[in-house]
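Chemist: show me the folded form of this:
(2 chains)
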Amino acid sequence: MAKRALTVDDSKTMRDMVAFTLKGAGFDVLEAEDGVHALSVLKGQTVDVVITDINMPNMDGVSLVKELRAKPEFKSTPILILTTEGGDDKKASGRAAGATGWIVKPFAPDKLLSVVNKVCP
Amino acid sequence: MSSDGSSGSEFDRFRVTFFEECNEILADLEVHLTQLQSEALDVEGLNAVFRAAHSIKAGAGAFGFTRLVTFTHSFEALLDKLRDGVLEQTPQISDILIRGGDNLAELVAAAQEERELPEDFAAATLADIQDILQEGEVATDASPEASVTDAAPDTATGSGSATWQVVVTPGQDLFKNATEPLLLIRELAGLGELSTECNAGNLPSLRRMDPELSYLSWTFTLVSDCTKADIEEVFEFVDDTCLIEITQSSQAANPDAQSPAPDTQPAATPEPATAEPVATPQTVAAAKPTGPGAATSQSKPPQASSIRVDLNRIDRLVNTVGELVITQAMLSEEMAELAEHTGRQHIAGQEQLAALTRELQECVMAIRMQPVKSVFARMPRLVRDLSGKLGKKINLRMAGEHTEVDKTIIEELADPLTHMIRNSIDHGMEMPADRVAAGKSEEGTIDLSAAHVGGNIVISVMDDGAGINRERVLGKAIEKGIVAPDAHLSEHEIDELIFAPGFSTADSVTDISGRGVGMDVVRRNIMGIGGRIQVTSTPGRGTRFNLLIPLTLAVLDGMIVAVGDQRYILPITSIVESFRPEREQLRFLDDRTQVVSIRGEFIRIVKLCDLFNINKAVRDPASGLVVLVEVAGGGKVGITVDELIGQQQIVIKSLNDNFDPVEGISGATILGNGKVALILDIEQLAAMRASNGGRHFAGELGVLPGGAIVAAE
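Modeler: Numbering: from 1, shown residues only, chains lettered A, B, ... in the order given. Got it, this is the predicted structure:
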């Protein structure tokens, strides 16, 4: 069965790019526009990896990570946050919330894949 | 951590999405920055503006728009500080934000159009932002350094094969972040030859063991030509919970390990590995230990959720529903016939089907509807800029921004509206002193409003300025040969002259409204989307423009007319009236050009039966009907038809996919009886006749509003 990923970003461009890259690597990709949306997408299903932006309306990425980690079924799901260069505080707060790692924007497709492979069995 | 701007090529396909998104973001930004002119932004506003810059930056980076990235980066840093309350929103900062918004829009446009901007573009804004950030930095220097150990500087050396010893001692909570050590070990193994020693000394007895905690540690021996940084990168996500010691145990192939190898070594410079030289990230980091706490009101999601759909899909949906409407109409026509034969009056479900179909159509049309807000939002800026430039004081009031209209129409509205407002400010509004002298308040008002009226939307632009100077307009029109010197025009007709082609008050072509575009272009644009524009003006009191615009371009209120055995559709909005002329109203100007005189005005007649070679049609206008229609370019023509069949909302089908453009025809539709009827393009019809002979005569006649005939030389 193909691996499944969820990309969470309020920017369609970003979602498209993540989805495009992951689909190219054989993933099925779900999309959500913000944290609240992501939680509703994940209701009743799991994914192999979640890639979320930080800055989003309604529910930001860090809160989403916390919410997910609080759910037993997502305790061991790799979650990657998208940060920008120099966003060390974001990385730290993401990690504190339970994020597995981060991807620095802008990313090249193979960089994204290598990070995903790093955390996703 | 390479961030590779040149990765663009693989993502090129997303450029379109990116720019679409940018434009949405910029429109939204405009709203917030407009608010900023009168009051400080609240948390939500700041968040929104921050997100706007942030989103643009992320995308710009992916496509390698470096200037856009540099700019948004600074802009974002400033916003971040405002958001965190490190900086206060002073008027100076508001000004920078507004300017920055402008710069941003220009940078996006330049990127989209692949146009080079001058080297120093936005340099002033950037410099101001730097100044402010630096001030802030001094002020907040005392704030604690973020507790993160920076992804450590590359102090390592290494070229050629070396043997590295890596001791990794994870904290117990390693698994809290869903870290899988096996994957890390595998990655490390990818760097070279790896041998692993696992230390299970801390492993408690099974009974005491918490399966969610980590107890193991490892000692790796890696023979590789990698750098220390490469190894650090493997563990970059976990260096907060793991103790990682990396030592180069022997330098087999690299005796002079101390001499800095290839490039990446910043030797003793202990600066974080940020590529951009902009001196902000650290301070941002320092100022932001509050992190997610800033995002406040987000636990309650009252939002109506929405999805984004490709416009093509919607068009297909609209089309299919159009077919359905037609099929339903055919069905009910057949049913009615059947009912006559069988005597059964009602066929169950039929009326319901009709009602449902109609409702479905409305729903589908509603999908394409968007509030005019996106266009209106650009206007306050325009007014502010122009009034500032001209030294006029103007207050813009807007109403009905939420009125919805088809997306394609919205796009077509921006230019005409912009031009009308420019026109009002430039020509309509008086200087403050003149206003006071005229007994009016110093500040002029422009009202921009939108409302639904029937199946249309009415947008009006009303100013309380000087009104149209009829004497000057008439003088100009005569001078330009648009009207005969001795013509007698009503006040309304004089006002209408501003829409005449070639009428542009040339002596007042300023850089404001004079872009070589006159109100005639505005009218043509508006008529191009099936709308109409009217003007009313009271000297000394002001001018009002009304735009009457259909809600959608997919359906059309049409008049079905018969010419011989053919059926054609005329857009209702263009029809002025229809009548059967008396024989004495008709004149021939030459053997091809016939005119009809109505209320002292001569209107050229366009004979459909001649243009389209229809045999069995009524040839004599006096035995048929003349439908008087308005032409977008100004003026009217009379179209001869046999009879009017009726008015109907029709679904427009494009012919362009299958046919070369047919002169005089803008599209087609399918009637209830299943027959195809062509939709007439009135502008083309008028032009066709003109080019078929008697050109000057016919052409000039068409635009004469006052009945005066100017003979062509």
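Chemist: sticking with the nearest residue to residue B:110 once chain neighbours are set aside, tell me its helix or strand.
Modeler: In space, and not counting its chain neighbours, residue B:110 is closest to residue B:117: 4.9 Å by CB to CB, 6 or more residues apart in numbering or on different chains. Quick note: C-beta positions are derived from backbone N, CA and C, even for glycine. Per DSSP states H and E: residue B:117 is located in neither a helix nor a strand.
Chemist: who's in contact with residue B:354?
Modeler: Residue B:354 makes contact with B:328, B:332 under the criterion CB atoms under 8 Å, 6 or more residues apart in numbering or on different chains.
Chemist: looking at chain B, which residue lies furthest from center?
Modeler: What lies farthest from the middle of chain B is residue B:205; by CA atoms, centre = their mean that is 65.0 Å.
Chemist: which SS state does that residue fall under?
Modeler: With DSSP: H, G, I helix; E, B strand; the rest coil as the basis, residue B:205 sits in coil.
Chemist: quick one, phi/psi of it?
Modeler: In terms of degrees, to the nearest 10, the main-chain angles of residue B:205 are phi -70, psi 150.
Chemist: and the residue nearest to residue B:110, how far from chain A?
Modeler: Counting by CB to the nearest CB, to the nearest Å, the gap from residue B:117 to chain A is 21 Å.
Chemist: and residue 32, how many neighbours?
Modeler: All of this refers to chain A. Neighbour count of residue A:32, defined by other CB atoms under 10 Å in any protein chain shown: 22.
Chemist: sorry, should have said chain B
Modeler: Residues near residue B:32, counting by other CB under 10 Å: 20.
Chemist: isn't it right up against residue B:50?
Modeler: No: in this structure, residue B:32 is not within contact of residue B:50 by CB atoms under 8 Å, at 10.2 Å.
Chemist: could I get the pLDDT score of the residue nearest to residue B:110?
Modeler: pLDDT, residue B:117: 84.
Chemist: quick one, phi/psi of it?
Modeler: When read as degrees, to the nearest 10, the backbone of residue B:117 gives phi -100, psi 150.
Chemist: so how far is residue B:123 from it?
Modeler: Distance, residue B:117 to residue B:123, using CB to CB, to the nearest Å: 11 Å.
Chemist: now residue B:451
Modeler: Distance from residue B:451 to residue B:123, by CB to CB: 44 Å.
Chemist: cool, and residue B:660?
Modeler: From residue B:660 over to residue B:123 the distance is 51 Å, taken as CB to CB.
Chemist: also residue B:223?
Modeler: 51 Å.
Chemist: give me the more crowded residue out of those two.
Modeler: Just comparing residue B:223 and residue B:123: by other CB under 10 Å the higher neighbour count belongs to residue B:223, 18 against 12.
Chemist: doesn't the more buried one belong to a strand?
Modeler: Yes: assessed by three-state DSSP, residue B:223 belongs to a strand.
Chemist: isn't it right next to residue B:192, touching?
Modeler: Yes: Residue B:223 lies in contact with residue B:192 (CB under 8 Å); the separation is 5.2 Å.
Chemist: quickly list what's touching both of the two.
Modeler: Counting by CB under 8 Å, 6+ apart, the common neighbours of residue B:223 and residue B:192 are residue B:161.
Chemist: what pairs with the most centrally placed residue in chain A across the strands?
Modeler: Closest to where the C-alpha atoms of chain A average out (CA atoms, centre = their mean) is residue A:51, at 1.2 Å. On the basis of DSSP bridges, residue A:51 is bridged to residue A:7, residue A:80.
Chemist: residue B:369 versus residue B:663, what's the distance?
Modeler: 33 Å.
Chemist: over to residue B:597?
Modeler: To residue B:369, residue B:597 is 44 Å away according to CB to CB.
Chemist: residue B:638 now?
Modeler: The gap separating residue B:638 from residue B:369 is 36 Å, by CB to CB.
Chemist: which one of these two has more residues nearby?
Modeler: Between residue B:638 and residue B:369, residue B:638 has the larger neighbour count (other CB under 10 Å), namely 26 against 15.
Chemist: what pLDDT, on average, does the helix or strand containing that one get?
Modeler: Secondary structure from DSSP H and E places residue B:638 in strand B:636-641. Average pLDDT, strand B:636-641: 91.
Chemist: which SSE is immediately downstream of it?
Modeler: strand B:643-651.
Chemist: list the helices and strands that following strand packs on?
Modeler: helix B:311-342, strand B:555-563, strand B:625-630, strand B:665-670 (3 or more CB pairs under 8 Å, 6 or more residues apart in numbering or on different chains; DSSP states H and E).
Chemist: count of residues packed around residue B:200?
Modeler: By the measure other CB under 10 Å, the count of residues near residue B:200 is 9.
Chemist: let me redo that: residue B:191
Modeler: Neighbours of residue B:191 under the rule other CB under 10 Å: 18.
Chemist: wait, doesn't residue B:443 sit right on residue B:432?
Modeler: Yes: between residue B:443 and residue B:432 there is a contact under CB under 8 Å: 7.5 Å.
Chemist: can you list residues touching both of these two?
Modeler: Contacts common to residue B:443 and residue B:432, judged by CB under 8 Å, 6+ apart, are residue B:393.
Chemist: what are the ranges of the strands in the stretch 401-550 of chain B?
Modeler: Assigned by DSSP state E, counting those that start in this stretch, the strands in the stretch 401-550 of chain B fall at B:404-406, B:444-453, B:456-463, B:532-538, B:542-550.
Chemist: number of nearby residues for residue B:114?
Modeler: Residues lying near residue B:114 (other CB under 10 Å) number 6.
Chemist: which phi and psi does it have?
Modeler: phi 50, psi 50.
Chemist: any idea how far the residue nearest to residue B:544 when sequence neighbours are not counted lies from chain A?
Modeler: Leaving aside its chain neighbours, residue B:544 sits nearest to residue B:462 (4.3 Å; criterion: CB to CB, 6+ apart). Distance, residue B:462 to chain A, using CB to the nearest CB: 36 Å.
Chemist: quick one: contacts for residue B:462?
Modeler: Residues counted as contacts of residue B:462 (CB under 8 Å, 6+ apart) are B:446-449, B:542-545.
Chemist: how about the residues you listed in JSON lines, adding neighbour count and pLDDT?
Modeler: Formatted as JSON lines, those follow (neighbours: other CB atoms under 10 Å in any protein chain shown; pLDDT from 0 to 100):
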{"residue": "B:446", "neighbour count": "24", "pLDDT": "92"}
{"residue": "B:447", "neighbour count": "16", "pLDDT": "92"}
{"residue": "B:448", "neighbour count": "25", "pLDDT": "92"}
{"residue": "B:449", "neighbour count": "17", "pLDDT": "91"}
{"residue": "B:542", "neighbour count": "23", "pLDDT": "89"}
{"residue": "B:543", "neighbour count": "25", "pLDDT": "91"}
{"residue": "B:544", "neighbour count": "18", "pLDDT": "91"}
{"residue": "B:545", "neighbour count": "25", "pLDDT": "91"}
